[in-house]
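K.L.:
pasting a predicted model and its sequence here:
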Amino acid sequence: MESFHYSKVATVNDALAGIASSGAKFVAGGTTLIDLMKLYVERPTAIVDINSLPLDRIESQPDGSLKIGALVRNSDLAHHDLVRKSYPVLSQALLSGASPQLRNMATTGGNLLQRTRCYYFRDVNYPCNKRQPGSGCSAIGAYNRIHAVLGGSENCIATHPSDMAVAMMAIGAAIHISSAKNSRIVPIVQFYLLPGDTPNIETVLKPGEIITHVTLPALPSNARSFYLKRRDRASYEFALASAAVIVETDGRKIHRAQIALGGVATIPWRAPAAEQALAGHQADEQTFRDAADAALRGAKLHKYNGFKVELAKRTLIRALQTVTA
Ligand SMILES: Cc1cc2nc3c(=O)[nH]c(=O)nc-3n(C[C@H](O)[C@H](O)[C@H](O)COP(=O)(O)OP(=O)(O)OC[C@H]3O[C@@H](n4cnc5c(N)ncnc54)[C@H](O)[C@@H]3O)c2cc1C
Ligand code: SF4
């Protein structure tokens, strides 16, 4: 590893001052950043350790929303009473990720910003537009079994690896961001950017900004939610396909649905076409199949990842069967 300047900060203002220098990076749990530094994929000139910032609380708000500090650990979030009771989809998504040890370190902010597991991105011997803009994509036309069928471009087809972000996408979370000059709130549907011509730019977060917290809107009391993840082995593995579903029913009729997919797209993938195919229809096999077809419409297959289309459909159908049973 190359040398870098390290500082530990205790206030958001100090964190923002520390990140002002070009090439500086925050470190929270370090489970993405330090790995990538060891691989020479990330090469920050300075590390600003934010673990002492007072952003580690989970608080219910007067309007019924839930405020989650950026430094809340994935384990604490998954096991929090309010999350288990009101947002089971989020608790299940978090517990399906990584390992207990990793979840004890990983934070809410770091999880949102974790980077792709594309093997070519993580190996500096291969060209990669995300790591080195303009160098080419080693996955398109090569071995691309874990790659995206939705949201890709001719420059990048890497999947976003987070489970937590998929659940937050279905819930409709808001990301709270601060800079030295101001603060802003970005709905999660606007937070992630499709790769297009600039796969190296993954979110709307700008240099010099910090995520301070995330808020989750209250879900209707009759909403039921569920997260289902399909992967090559039962634990300690990223999704090949996953579905986060939130469904409100009136008897066997679906009143409203919020759907997001993971493992198949370049960003945590909200599926409005599937939501429309569900709303106002009976909770039955035909409706679920129609929703799954709608969610995967427009999928672009590559040589080794075509199986993901049917896998994602079956994952969504099984999640809908479970949540409406
Ligand atoms: C072996 C292994 C298996 C895994 N399996 C899964 C899995 O199955 N599912 C899954 O979802 N994840 C999985 N992960 C990924 C893991 O969830 C992430 O590494 C973790 O959530 C990142 O959080 P962190 O706090 O450690 O981030 P860090 O590594 O500290 O930071 C990640 C990035 O976010 C930036 N950052 C951190 N906090 C902030 C902030 N508040 N504001 C602005 N920028 C910030 C950092 O500068 C850095 O660029 C796995 C990881 C490993 C190593
Ligand atoms: S898919 Fe994206 S991350 Fe992977 S090699 Fe291509 S450009 Fe790089």
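P.N.:
Thanks, I have the structure now. Quantities reported herein were computed from a predicted structural model and do not represent experimental measurements. Ligands and ions are numbered 1, 2, ... in the order given.
K.L.:
low pLDDT regions in the chain?
P.N.:
The chain contains residues with pLDDT under 70 at 1-2.
K.L.:
quick one, what contacts residue 264?
P.N.:
Neighbouring residues of residue 264 by Cβ atoms under 8 Å, 6 or more residues apart in numbering: 148, 149, 150, 159, 240, 241, 296, 299, 308, 309, 312. Placement of C-beta: from N, CA and C, glycine included.
K.L.:
next, the contact list for the spatially closest residue to it that is not a sequence neighbour, please.
P.N.:
Among residues not flanking residue 264 along the chain, residue 312 sits closest, at 4.8 Å (Cβ to Cβ, 6 or more residues apart in numbering). Residue 312 sits next to 149, 241, 243, 261, 263, 264, 292, 295, 296 when contact means Cβ under 8 Å, 6+ apart.
K.L.:
element containing residue 312?
P.N.:
When elements are assigned from DSSP states H and E, residue 312 belongs to helix 307-324.
K.L.:
these two touch, right, residue 50 and residue 26?
P.N.:
Yes - the pair residue 50 / residue 26 is scored as a contact, 5.0 Å apart, by Cβ atoms under 8 Å.
K.L.:
more crowded one of those two?
P.N.:
Set residue 50 next to residue 26 and count neighbours by other Cβ atoms under 10 Å: residue 50 wins out with 25 against 22.
K.L.:
and the more buried one, what does it touch?
P.N.:
Residue 50 neighbours (Cβ under 8 Å, 6+ apart): 9, 15, 26, 27, 28, 70, 71, 210.
K.L.:
now swap in residue 40 and tell me
P.N.:
So residue 40 contacts residue 124 (Cβ under 8 Å, 6+ apart).
K.L.:
and it, backbone torsions?
P.N.:
The phi/psi pair for residue 40 (degrees, to the nearest 10) reads phi 60, psi 20.
K.L.:
all further residue positions should be reported with the first residue as 58.
P.N.:
I'll keep to 58 as the first residue from here, and by that count the last item is residue 97.
K.L.:
any idea how far ligand 1 is from it?
P.N.:
Residue 97 sits 15 Å away from ligand 1, taking Cβ to the nearest ligand atom, to the nearest Å as the criterion.
K.L.:
repeat that for residue 198.
P.N.:
Distance from residue 198 to ligand 1, by Cβ to the nearest ligand atom: 27 Å.
K.L.:
can you count the residues close to the residue nearest to that residue when sequence neighbours are not counted?
P.N.:
Nearest non-adjacent residue to residue 198, counting by Cβ to Cβ, 6+ apart: residue 360, 7.2 Å away. By other Cβ under 10 Å, 13 other residues sit near residue 360.
K.L.:
surely residue 360 and residue 197 touch.
P.N.:
No - taking contacts as Cβ under 8 Å, residue 360 lies outside contact range of residue 197: 9.2 Å.
K.L.:
between the contacts of residue 369, which sits nearest residue 275?
P.N.:
Minimum distance to residue 275 across the contacts of residue 369 is 22.2 Å, recorded for residue 300 (Cβ to Cβ).
K.L.:
pull the contacting residues for residue 330.
P.N.:
351, 352, 354.
K.L.:
name the element the second one belongs to?
P.N.:
When elements are assigned from DSSP H and E, residue 352 belongs to helix 342-353.
K.L.:
what's the angle between that helix and helix 364-381?
P.N.:
If you take axes from the mean of the first three to the mean of the last three Cα atoms, to 10 degrees, helix 342-353 sits at 130 degrees to helix 364-381.
K.L.:
list the buried residues in helix 342-353.
P.N.:
344, 345, 346, 347, 348, 349, 351, 352, 353 (16 or more other Cβ atoms under 10 Å).
K.L.:
out of those residues, the closest to residue 175 would be?
P.N.:
So of the buried residues of helix 342-353, ranked by how close each gets to residue 175 (Cβ to Cβ), first place is residue 353, at 20.8 Å.
K.L.:
residue in the stretch 108-257 of the chain with the shortest distance to ligand 1?
P.N.:
Closest approach of the stretch 108-257 of the chain to ligand 1 (Cβ to the nearest ligand atom) occurs at residue 167, with a separation of 2.1 Å.
K.L.:
tell me the spacing between that residue and residue 222.
P.N.:
According to Cβ to Cβ, to the nearest Å, residue 167 and residue 222 sit 11 Å apart.
K.L.:
before we move on, the earlier item: redo the contacts of residue 107 as JSON lines? Include distance to residue 179.
P.N.:
Shown next, in JSON lines, are the contacts of residue 107 (distance: Cβ to Cβ, whole Å):
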{"residue": "66", "distance to residue 179": "29"}
{"residue": "72", "distance to residue 179": "27"}
{"residue": "83", "distance to residue 179": "20"}
{"residue": "84", "distance to residue 179": "18"}
{"residue": "85", "distance to residue 179": "20"}
{"residue": "127", "distance to residue 179": "25"}
{"residue": "128", "distance to residue 179": "25"}
{"residue": "267", "distance to residue 179": "25"}
